[in-house]
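Q: Based on what follows, work out the 3D shape:
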Amino acid sequence: MASLLLAACAASVPVAPARFTPWAPGASGQMLHLRRSVEVNLSSGYTRVLPARSQWRAVGSLPQGTVYQCADGVFSIEGRHVHEAYLVVEQSTLQGFYLPGEANFSPLSPSISLPLGAP
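A: Okay, here's the model as predicted:
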């Protein structure tokens, strides 16, 4: 019962329609590697952690940056609902998330500098 009440109070993840341009199938996308874990505080009130040594594969682009899908699992963000999420990165800075299930962009405010490096 308590979890139902908390879910009812949770804020929605802010979204805007996205102009996603996928990379050609089979194209080898560049990889992004995180040296250490990064805590992301979402405007919905939830927190997510991007794991240390996680790997992300570039799969396309948005006007806000390059879109990276988790290469070793599924990453999600949470608000009133749970959404599969890909990172949107511009010049080593996490700008927000692409939500492939609904083709939306969810901005992150403020953006976060990522600790990128070799695996």
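
Q: ranges for the helices of this protein?
A: Using DSSP state H, the helices found in the chain span residues 2-9.

Q: Could I get the full set of strands for it?
A: 16-17, 21-22, 31-33, 38-41, 47-50, 55-62, 65-70, 76-78, 82-84, 86-90, 93-99, 104-113 (DSSP state E).

Q: Export those as TSV, with columns for mean neighbour count.
A: C-betas here are computed from N, CA, C, even on glycine. TSV is the format used below for the strands of the chain (neighbours: other CB atoms under 10 Å):
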stretch	mean neighbour count
strand 16-17	10
strand 21-22	10
strand 31-33	16
strand 38-41	14
strand 47-50	14
strand 55-62	19
strand 65-70	21
strand 76-78	18
strand 82-84	16
strand 86-90	22
strand 93-99	23
strand 104-113	16
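
Q: any chance of these in TSV, plus mean pLDDT?
A: What follows is those, written out as TSV (pLDDT from 0 to 100):
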stretch	mean pLDDT
strand 16-17	91
strand 21-22	93
strand 31-33	94
strand 38-41	95
strand 47-50	94
strand 55-62	95
strand 65-70	96
strand 76-78	93
strand 82-84	94
strand 86-90	97
strand 93-99	97
strand 104-113	95
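
Q: Contact partners for the closest residue in space to F97 that isn't next to it in sequence?
A: Excluding the flanking residues, the one nearest F97 by CB to CB, 6 or more residues apart in numbering is A85, at 4.0 Å. Residues near A85 by CB atoms under 8 Å, 6 or more residues apart in numbering: 75-77, 97-99, 106.

Q: 6 Å instead, please
A: Taking CB atoms under 6 Å, 6 or more residues apart in numbering, we find A85 in contact with 75-77, 97, 99.

Q: so L94 makes contact with I112?
A: Yes. L94 sits in contact with I112 when judged by CB atoms under 6 Å, with a separation of 4.5 Å.

Q: ok, for P63, nearest residue in space, not its chain neighbours?
A: R19 (6.1 Å).

Q: Quick check, pLDDT for the one you found.
A: Confidence at R19, expressed as pLDDT, is 93.

Q: Kindly report the same for Q30.
A: Reading off the model, Q30 has pLDDT 89.

Q: Contact partners for the residue lying closest to it once chain neighbours are set aside?
A: Using CB to CB, 6+ apart and skipping residues adjacent in sequence, the residue nearest Q30 is A58, 4.7 Å away. If you count contacts by CB under 6 Å, 6+ apart, A58 has them with 29-30, 66, 68.
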